[in-house]
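> pasting a predicted model and its sequence here:
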Amino acid sequence: MIQVHELTKEFATATTGAGVMGAFRSLFSREAVRKVAVDHISFAIETGECVGYLGPNGAGKSTTIKMLAGILHPTSGDISVLGYHPGRERKQLAYQMGVVFGQRTQLWWDLPLRDSYEILRHMYHLDERRYRQFLEKVDHLLEIGQFLDTPVRKLSLGQRMRADLAAALIHDPPLLFLDEPTIGLDVVAKERIRRFLKELSQEQGKTILLTTHDMDDIAYLCHRVLVINHGKLVLDGSMETLRSRIGLPSVIRILFQGIPNVQPLAEAEKVETDGAKVTIYYDRQKVSPPTILNRVSAWGDWIDVEMAEPEIEEMIKRIYR
Ligand SMILES: Nc1ncnc2c1ncn2[C@@H]1O[C@H](COP(=O)(O)OP(=O)(O)OP(=O)(O)O)[C@@H](O)[C@H]1O
């Protein structure tokens with residue numbers, strides 16, 4: 001479905017010299033600084049896959065997605081998405097893909113959400129029946145109906161993200177590029193989006209490329225991850241491969257009722273305490289979560305237990321260790 005070969009994107013930005021003289025000189029000669037945002041990456045994604053695209057800030061994730069969606073032109077390399085050349089056949093591709101940039105809405109800010117959908121409906125030439133089906137479906141899955149008449153600028157972040165996701169699906173495309181669809185959301189809103197994305201992937205068979213800083217999103221949704229750092233693809237494999245290759249620890253966070261009586265825990269890689277909060281890093285290949293919880297129950301009564309994946313930055317550090 002997607003094929004990328006030696007894809008590269010360089011940005012040229014003009015620099016301004018320091019001080020007044022520098023600014024004056026730069027009126028006449030601007031020095032261009034070249035920044036390689038994406039550096040000779042190659043991968044292929046099959047129909048129906050849900051692939052996580054991971055990397056720290058500035059790694060090149062959004063730039064890759066923009067090239068796949070035909071928004072940016074590559075400096076060099078080849079891309080084929082559903083058999084189309086995204087740069088040259090952007091319009092044809094637009095009917096087959098949906099894109100969400102979590103940091104920026106693609107809806108009309110001052111219009112009620114319903115009006116944004118009406119505009120999109122006309123752009124994609126949807127007939128009345130298909131449009132009604134779309135509204136029913138997104139209301140059922142994302143509960144959009146309750147804020148259809150609210151201007152987009154008045155929506156909460158969680159509602160806005162749901163509205164953007166729905167907009168990307170109005171023409172029922174088989175392919176979705178999702179750039180940080182859970183960014184800034186609280187736990188409940190994140191969970192809701194995750195469940196929705198799982199439905200899209202598993203029940204509806206959509207092909208999804210998802211960038212996120214949240215490893216929990218990836219662990220819940222994706223069977224495969226691509227890791228990019230400084231523009232280069234540094235890993236392509238399953239979550240399990242990722243864990244075993246770099247010894248990625250899993251994390252359990254426990255909130256105790258009072259200050260816990262923390263004891264040495266040989267099964268864990270590291271135990272951090274912060275008042276009533278305890279974070280345990282452990283290797284899921286060697287010890288199971290119930291074993292850890294069993295040992296920890298002797299430390300005191302707990303109020304909350306959260307299983308989590310490690311931070312992306314920690315993962316990148318380990319890849320380079
Ligand atoms: N239009 C542009 N002009 C110049 N440099 C750019 C441009 N867009 C991106 N860059 C640079 O390219 C690099 C990759 O940026 P990109 O937005 O793809 O990273 P990212 O992995 O999506 O990061 P984040 O997680 O912070 O969104 C960064 O160093 C960024 O500053």
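Right, received. Where do you want to start?

> and the helices in the stretch 101-250 of the chain, which stretches?
According to DSSP state H, counting those that start in this stretch, the stretch 101-250 of the chain carries its helices in the segments 113-123, 128-142, 157-168, 187-198, 215-221, 239-246.

> looking at the ones you listed, which is closest to the ligand?
The ligand lies closest to helix 215-221 among the helices of the stretch 101-250 of the chain, at 13.4 Å (Cβ to the nearest ligand atom). Glycine gets a C-beta too; all of them are placed from N, C-alpha and C.

> who are the packing partners of the closest one?
Contact here means 3 or more Cβ pairs under 8 Å, 6 or more residues apart in numbering; DSSP states H and E; on that basis helix 215-221 packs against strand 50-54, helix 187-198, strand 207-211.

> by mean pLDDT, show me the worst of those.
Looking at the helices and strands packed on helix 215-221, the lowest mean pLDDT belongs to helix 187-198 (a mean of 88).

> for that helix, what is the distance to the chain centroid?
Distance of helix 187-198 from the chain centroid (Cα atoms, centre = their mean, to the nearest Å) equals 12 Å.

> other SSEs contacting it?
So helix 187-198, by 3+ Cβ pairs under 8 Å, 6+ apart, packs with helix 128-142, helix 157-168, helix 215-221.

> okay, the angle between it and strand 50-54?
Between the axis of helix 187-198 and that of strand 50-54 there is an angle of 130 degrees, by axes from the mean of the first three to the mean of the last three Cα atoms, to 10 degrees.

> sorry, back to before: nearest to Y95, out of the helices of the stretch 101-250 of the chain?
helix 113-123 (9.9 Å; Cβ to Cβ).

> average pLDDT for that closest one?
94.

> format the helices and strands packed on helix 215-221 as CSV; extra columns: mean neighbour count.
Formatted as CSV, the helices and strands packed on helix 215-221 follow (neighbours: other Cβ atoms under 10 Å):
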stretch, mean neighbour count
strand 50-54, 24
helix 187-198, 16
strand 207-211, 25
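
> show me where this protein has strands.
2-15, 31-45, 50-54, 76-81, 97-101, 175-179, 207-211, 224-229, 232-238, 250-256, 268-274, 277-282, 302-308 (DSSP state E).

> redo these as TSV? Include distance to R162.
Listed next are the strands of the chain as TSV, based on distance: least, Cβ to Cβ, whole Å:
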stretch	distance to R162
strand 2-15	26
strand 31-45	25
strand 50-54	19
strand 76-81	26
strand 97-101	10
strand 175-179	13
strand 207-211	16
strand 224-229	25
strand 232-238	29
strand 250-256	27
strand 268-274	33
strand 277-282	31
strand 302-308	23
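
> closest one to L165 among those?
strand 97-101 (5.7 Å).

> tilt between that closest one and strand 2-15?
Calculated by the same axes, to 10 degrees, strand 97-101 forms an angle of 40 degrees with strand 2-15.

> which parts of the stretch 1-150 of the chain sit against the ligand?
When proximity is defined by Cβ under 6 Å from any ligand atom, the stretch 1-150 of the chain lies next to the ligand at 11, 13, 35, 37, 55, 57-63.

> can you say which of these are buried?
37, 55, 59-63 (16 or more other Cβ atoms under 10 Å).
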